[in-house]
Every structure is written in C-alpha cells, then in structure tokens.
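no sequence on this one, just coordinates:
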C-alpha cells in the first residue's frame with residue numbers, strides 16, 4: 001500500500017511512490033510478537049498496544065508467514081509529499097535559450113520541462129541519473145546538503161558519439177558489412193534492397209537504435225563533451241538559484257520543501273533531460289509566546305476566501321466560532337507560530353515543557369503542543385506548508401471557519417504508515433472532537449487490497465474514535481477516479497464516525513481532479529481549482545500571510561471547520577450525530593447526483609442553524 005502526503009490537487013508528480021522495504025506492520029498478540037522477535041533477533045516498535053499493532057524492521061512479510069504464526073501483516077510505506085508550485089519560469093527560459101523551438105513547442109516548457117524533454121517530436125530525451133543523499137525524510141536545517149548528477153545519456157545522435165566507445169566501433173564495422181549486402185545492385189536490383197544514396201542514412205538510424213538499446217540495457221556507457229549541465233535550486237518560497245556545475249552543496253535557510261531541478265542539454269543534437277528532486281527541510285521550532293493582538297476577519301474580507309463567503313460562514317460565526325473545541329490536524333505539521341494560528345494552538349496543561357518526562361503518562365514525552373510522529377519528537381512544526389494551510393482553513397483566528405477552535409498539531413508526513421496510525425491513535429487518545437486527514441493511500445497489490453478491505457489498521461483506529469465522539473474527516477483524493485472501485489485508504493472507511501469529502505468548484509461542479517463515488521464518497525465542499533484556489537495560512541508568514549492551494553485536501557478542512565462549529569453548540573453530540581447534521585443541513589446539488597452519496601455540499605450557516613434548533617428543542621437526532 002502506497003501512501004501520499006496530502007491531497008493537494010497539484011499532486012505527486014516528481015517522485016514515484018516508493019515502498020520502504022525495511023519494515024512491516026504486524027497486528028498480533030504480544031506473545032506472537034515475542035516469537036517473531038526471538039526467531040529473527042529483532043525488536044518490534046509498539047505502534048498501539050491496545051490494538052496490537054507493531055512495527056518490525058529487517059523482516060519481510062514472507063518471513064513472518066514462514067513461522068506459521070497467525071498474524072496480520074501490512075507493508076510499511078513511505079509518504080511522498082507532493083510539490084504544489086509550478087515549475088520556475090527560469091527553467092523554461094533556459095531551455096528556450098539553448099534549444100531552438102518551433103511555434104508549436106514554444107509554450108510547452110513553461111509548465112512541465114520534463115514533458116518537453118521526453119515527449120516533444122524532434123527532440124532527443126536524455127535519461128538522467130542523480131546521486132543524492134537520502135532525501136526521503138526531512139533534513140535538519142543546520143545540515144550541508146550535496147546533490148550531484150551522473151551524465152548518463154542515451155539518445156544523442158550517433159555521429160556525435162561514435163568515437164567514444166571501442167565496442168561501438170566494432171558494432172559499426174559489423175553493421176557496415178551487413179549494409180554492403182543490402183545495397184541495391186543496379187544490374188540486378190532485389191525487392192527490399194536499399195538504394196546506394198540512402199545507405200548512410202539507414203546506417204545512422206540503425207546505429208542510433210543500437211545506441212539507445214545498449215545504453216538502456218547498461219551494455220554501453222557514453223559521455224558527450226557537448227552537454228550543458230545546470231542545477232536550479234528552488235527554495236521553499238520559490239526563490240531560484242542557478243548553478244552551472246555537476247554538483248551543488250548548499251545549506252538551507254528556511255524550513256519547507258526545497259526542489260533541486262537538474263537540466264542537461266545537448267545543443268548539437270537538440271536533446272535535453274530534466275529531473276526534479278524534492279528535499280524537505282525541518283527544524284525543531286519551539287512554540288513562541290502567545291501573540292497579544294489576535295487577528296480578526298476584517299469586514300468584507302470574506303469575499304477573498306471562498307470557504308467563508310460561499311458557505312455563509314460570516315453569518316454562522318455570530319452563533320458559533322468553535323470556541324475551545326479540539327480539532328486534530330493530522331498532516332505535515334503546523335506552523336504553530338503563525339500569527340493567525342498561534343492563539344488557537346492547543347496546549348497540554350498536563351505536560352511540563354522540556355523536562356524530558358512523560359508527565360501526563362500518555363506514552364509521549366513533552367507533547368505540550370502536539371507531537372511529531374514522523375521524526376519522533378515533540379516539535380510538530382510544518383516543513384511542507386500543507387498542514388499549515390489545512391489548519392488555517394479550519395481555525396485561523398481571522399480566516400478560519402471556526403476561528404476560536406483549538407488546533408492539535410499532529411505531524412505524520414513525510415513518514416511511514418506507522419507514523420500515520422500513531423497520529424490517528426493520538427488524536428483519539430487526546431479526545432479530539434474532529435480529526436482532519438487530508439491524506440490518502442492506496443493498495444498496490446492484490447494482497448494489500450484484500451488485507452485493507454477485510455481487516456486493516458486504519459479502520460481499527462477510526463473505530464476506536466467512536467467512543468470518544470471523534471469524527472474523522474477524510475479526503476477523497478485527487479486522481480479523478482471512482483473510489484467505489486479502488487482500494488484507497490482511509491477514504492474508504494466504513495465506520496460510522498468517518499466522513500469522506502469530494503471537492504467542488506465555485507460553480508458547484510465536481511472539480512476536474514476530485515475523486516468521487518456514489519457509495520464511498522459522502523459529501524462535497526469547495527476545494528479550489530488551479531485558477532481559483534482556496535486561500536489560507538502560509539507556512540512562511542514573513543513572506544505572505546496567505547497562499548492559495550487546491551485539492552480535496554482543502555475541501556476536507558472546510559467540512560472539519562463546520563463540524564467544529566456544530567460541536568460548540570452541541571458539545572455532547574456524537575460523531576454520528578454531527579455527520580447527520582452536516583447531511584441534513586447540506587445543499588442539494590444536481591451536479592453531484594450519481595457522483596457522491598449525499599449528492600450535496602456543506603453549508604456553514606445551515607449547519608449552525610440546525611444545531612441551534614436541535615439545542616433549543618432538546619431532541620436527539622434519530
């Protein structure tokens with residue numbers, strides 16, 4: 001099962017999903033776990049003792065099965081955080097400078113240079129091999145990072161390369177012998193023979209095929225002296241530096257996602273290769289002193305925030321601001337020092353900061369303002385911007401749907417599935433009224449599908465939240481697929497306290513990217529589009545307070561925020577009752593018929609009005 005960090009619409013484009021092979025998740029009794037540890041000389045890490053979930057490294061699923069012990073096993077998987085910014089224009093401009101283009105090709109590199117280099121007719125794609133440090137997990141900001149390239153080129157025209165490889169010379173000699181037998185004899189031409197004037201052209205094409213096949217198979221290693229090698233280092237706020245060197249060493253100055261773009265160009269053959277590598281920079285940032293001036297929404301400003309203006313939230317705020325309702329943001333972390341978020345960060349009063357002791361006996365040391373399960377420390381600070389954006393939609397003091405709610409930052413991305421399960425269990429343990437999960441995963445193999453459909457750890461953790469009245473708000477995903485027919489988790493949860501959310505445009509239509517499903521997807525909310533995104537709090541508040549993103553990741557916290565508003569009015573309501581209020585108060589939408597279960601979109605003002613009616617009448621929803 002592969003997991004994706006976030007459901008932002010621009011999605012996972014540069015790094016393919018990669019399964020972490022050095023660990024599996026096992027659901028078993030403690031005694032069975034001890035048998036596995038003894039057999040393979042390893043020590044399991046407890047994910048959740050109550051549910052019997054353990055992480056074992058260095059042991060495969062097959063090896064556990066060989067012991068004949070009756071346990072459930074799941075592959076432990078990495079979560080790749082997708083980039084959400086377009087490619088820097090400086091890369092497109094560089095390609096235009098170095099490679100002549102036709103009018104049809106002119107605009108292609110402005111959006112995706114990799115497509116231009118690999119698919120445009122008349123250009124030769126150059127496969128690139130990069131040698132990097134391990135970049136799957138976040139790197140501390142005080143670290144020197146080296147990136148370098150291997151110039152491994154395949155599709156350059158043969159005439160520029162034929163002098164570089166002795167094996168190639170021998171191949172050419174043999175091909176010349178064959179070509180001599182194929183050239184037409186003017187006195188007795190044969191069917192299928194090659195005219196003498198075409199001999200060299202045919203030979204060059206054949207050699208080009210041999211070069212391609214040889215390099216791809218690893219039998220031929222080629223180098224060209226004509227290559228232009230360039231690195232474009234894009235920092236987490238979009239600033240780009242260019243380096244005309246094969247390797248680059250740098251020390252980051254900001255947390256967040258850096259991207260190293262490698263461009264290799266051969267001006268002679270008109271070939272180019274492009275590859276990008278996300279690099280996640282993190283820091284153990286402490287919670288700052290609370291801001292004295294709490295930001296509030298200025299009159300009329302809601303027009304710039306679709307999630308407020310189109311749901312009637314300004315009117316709904318008069319009756320409910322989600323005051324003191326705890327909402328868990330299970331994501332890439334939160335910039336808990338952002339001026340619009342800092343006043344609403346939940347502080348664990350039962351934990352003494354920085355004393356190295358688990359004061360409240362909940363199994364975590366110093367979890368004063370949430371926890372980082374991706375890096376196993378007490379600093380759930382965002383190093384991507386996704387979680388900060390999500391938190392702002394729910395409970396920013398100015399532009400949040402529930403501007404007085406309490407945010408519990410739970411960082412699980414980028415990290416393995418084990419981190420996500422721990423974060424979910426922590427939200428339940430802390431009795432969060434709502435747990436927002438703008439992330440998803442999918443089964444990659446038939447075995448994964450069977451396990452996740454029949455008895456999976458996501459379902460068990462979500463089910464455990466029924467007792468604490470925790471509502472899990474789940475993003476449907478951004479692959480434009482029908483969730484009814486794919487195994488995508490946790491979005492397919494069947495638990496009564498789970499709600500799966502699709503994304504709609506301002507016009508009320510399903511967005512081009514949103515997943516759907518008449519059975520598996522419940523309700524819709526505004527998720528933004530490329531040209532009309534959802535604006536919310538920016539990780540880098542010193543650069544800009546707000547940033548626009550789009551995806552079911554953005555639609556999900558809209559629902560979470562409204563659920564929080566309901567919980568302020570009805571603090572004893574169960575998760576199932578909150579879901580029923582969301583359904584009954586939603587607005588019917590013909591565009592969603594046969595697409596999602598409720599065929600409707602959420603409304604803040606309607607939900608608050610219905611919650612008030614229920615409170616005044618004292619009746620319980622059937």
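The structure has been received and is ready for your questions. As the structure is a computational prediction, the values presented were derived from the model and not from experiment. Numbers count the residues shown, from 1 in each chain.

and the helices in the stretch 201-350 of the chain, which stretches?
Along the stretch 201-350 of the chain, counting by DSSP state H, counting those that start in this stretch, helices occupy 306-309, 313-316.

who does the last one touch, helix- and strand-wise?
So that's helix 313-316. helix 552-569, helix 604-617 (3 or more Cβ pairs under 8 Å, 6 or more residues apart in numbering; DSSP states H and E). No exception for glycine: its C-beta is placed from N, CA and C like everyone else's.

pick the most buried one from the helices of the stretch 201-350 of the chain.
Highest mean neighbour count of the helices of the stretch 201-350 of the chain: helix 306-309, a mean of 23 (counted as mean count of other Cβ atoms under 10 Å).

contacts for that one, please.
Taking contacts as Cβ atoms under 8 Å, 6 or more residues apart in numbering, the residues outside helix 306-309 that touch it are 297, 302-303, 313-314, 393, 399, 401, 506, 525-526, 528, 532, 534, 536, 554, 558, 561.

ranking the helices and strands packed on helix 313-316 by burial, who's on top?
helix 552-569 (a mean of 31).

measure how far stretch 337-356 is from the centre of its chain, please.
Taking Cα atoms, centre = their mean, to the nearest Å, one finds stretch 337-356 lying 26 Å from the centre of the chain it belongs to.

tell me, how many residues neighbour residue 347?
Applying other Cβ atoms under 10 Å, we find 15 other residues in the vicinity of residue 347.

for the residue lying closest to it once chain neighbours are set aside, grab phi and psi.
Using Cβ to Cβ, 6 or more residues apart in numbering and skipping the chain neighbours, the partner closest in space to residue 347 is residue 369 (5.8 Å). Backbone torsions for residue 369, taken as degrees, to the nearest 10, come to phi -130, psi 60.

distance of residue 369 relative to residue 474?
According to Cβ to Cβ, to the nearest Å, residue 369 stands 24 Å off from residue 474.

which one of these two has more residues nearby?
residue 474 (29 against 22).

in TSV: the helices and strands packed on helix 313-316, plus distance to residue 581 and mean pLDDT.
TSV is the format used below for the helices and strands packed on helix 313-316 (distance: least, Cβ to Cβ, whole Å; pLDDT from 0 to 100):
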stretch	distance to residue 581	mean pLDDT
helix 552-569	5	98
helix 604-617	5	95
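
now tabulate these in CSV and tack on distance to residue 357.
Converted to CSV, the helices and strands packed on helix 313-316 look like this (distance: least, Cβ to Cβ, whole Å):
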stretch, distance to residue 357
helix 552-569, 32
helix 604-617, 40
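
nearest to residue 511, out of these?
Closest approach to residue 511 among the helices and strands packed on helix 313-316 (Cβ to Cβ): helix 552-569, 8.2 Å.

and the helix or strand just after the closest one with helix 604-617, angle?
Where DSSP states H and E defines the elements, the next helix or strand beyond helix 552-569 is helix 575-585. Orientation of helix 575-585 against helix 604-617 (axes from the mean of the first three to the mean of the last three Cα atoms, to 10 degrees) gives an angle of 120 degrees.

what about helix 575-585, average pLDDT?
Helix 575-585 comes out with an average pLDDT of 97.

which elements pack onto it?
strand 471-475, helix 552-569, helix 604-617.

mind putting these in TSV, distance to residue 544 included?
Shown next, in TSV, are these (distance: least, Cβ to Cβ, whole Å):
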stretch	distance to residue 544
strand 471-475	24
helix 552-569	17
helix 604-617	25
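
figure out which of those is closest to residue 575.
Across those, the minimum distance to residue 575, taken as Cβ to Cβ, is reached by strand 471-475, at 3.9 Å.

avg pLDDT for that closest one?
Average pLDDT, strand 471-475: 97.

quick check: neighbours of that strand in the sheet, parallel or antiparallel?
Strand pairing for strand 471-475, using DSSP bridges, gives strand 434-437 (parallel), strand 498-504 (parallel).

list the contacts of it.
By Cβ under 8 Å, 6+ apart, the surrounding residues in contact with strand 471-475 are 7, 424, 433-440, 462, 465, 490-491, 493, 495, 497-501, 551-553, 555-557, 559-560, 563, 575, 578-579.

what's the answer for stretch 501-511, then?
With contacts defined as Cβ under 8 Å, 6+ apart, stretch 501-511 is touched by 9, 306, 310, 473-476, 478, 513-516, 521-529, 532, 550-552, 554-556, 558-559, 589, 591-592, 595-596, 601.

now the helix or strand containing residue 38: average pLDDT?
Secondary-structure element containing residue 38, defined by DSSP H and E: helix 30-40. In this model, helix 30-40 has a mean pLDDT of 79.

for it, list every residue counted as buried.
For helix 30-40, a neighbour-count test (16 or more other Cβ atoms under 10 Å) marks 32, 33, 35, 36 as buried.

what distance separates that helix from the centre of its chain?
Distance, centroid of helix 30-40 to centroid of chain: 34 Å (Cα atoms, centre = their mean).

show me where the stretch 201-350 of the chain has strands.
Taking DSSP state E, counting those that start in this stretch, the strands of the stretch 201-350 of the chain run over residues 228-234, 240-243, 247-250, 256-266, 271-282, 326-331.

dump the ones you listed to TSV, plus mean neighbour count and distance to residue 339.
Shown next, in TSV, are the strands of the stretch 201-350 of the chain (neighbours: other Cβ atoms under 10 Å; distance: least, Cβ to Cβ, whole Å):
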stretch	mean neighbour count	distance to residue 339
strand 228-234	20	26
strand 240-243	15	27
strand 247-250	15	29
strand 256-266	23	18
strand 271-282	23	21
strand 326-331	29	17
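
nearest to residue 583, of those?
strand 326-331 (19.7 Å).

what's the next secondary structure element after that closest one?
strand 371-372.

so for that following strand, mean pLDDT?
For strand 371-372, the per-residue pLDDT averages 96.

what does that strand rub up against?
Contacts of strand 371-372 (Cβ under 8 Å, 6+ apart): 333, 364, 377, 378, 379, 380, 381, 410, 411, 423, 426.

what's the neighbour count on residue 176?
Residue 176 has 11 neighbours, counted by other Cβ under 10 Å.

what's the closest non-adjacent residue to it?
Residue 176 sits nearest to residue 203 (Cβ to Cβ, 6+ apart), 7.2 Å away.

would you agree residue 25 falls within a strand?
Yes. Counting by DSSP: H, G, I helix; E, B strand; the rest coil, residue 25 is found in a strand.

state the distance from it to residue 483.
With distances taken as Cβ to Cβ, residue 25 is found 23 Å from residue 483.

check residue 315 too.
33 Å.

do residue 387 as well
23 Å.

more crowded one of those two?
residue 387 (33 against 24).

following the helix or strand hosting the more buried one, which helix or strand shows up next?
Using DSSP H and E, the element containing residue 387 is helix 386-395. Next helix or strand after helix 386-395 toward the C-terminus (DSSP H and E): strand 406-411.

angle of the helix or strand just after that following strand against strand 471-475?
Using DSSP H and E, the helix or strand that follows strand 406-411 towards the C-terminus is helix 417-429. Orientation of helix 417-429 against strand 471-475 (the same axes, to 10 degrees) gives an angle of 150 degrees.

so for helix 417-429, mean pLDDT?
Rounded mean pLDDT across helix 417-429 is 92.

who are the packing partners of it?
strand 19-27, strand 45-48, strand 72-77, strand 79-80, strand 326-331, strand 406-411, strand 434-437, helix 457-464.

where among those is the average confidence lowest?
Lowest mean pLDDT within the helices and strands packed on helix 417-429: strand 79-80, at a mean of 34.

just to revisit the earlier point, what is the nearest of the buried residues of helix 30-40 to residue 540?
Comparing the buried residues of helix 30-40 against residue 540 with Cβ to Cβ picks out residue 33 as the nearest, at 43.4 Å.

I'd say the closest one and residue 43 touch.
No. With contact defined as Cβ atoms under 8 Å, residue 33 and residue 43 do not form a contacting pair (10.0 Å).
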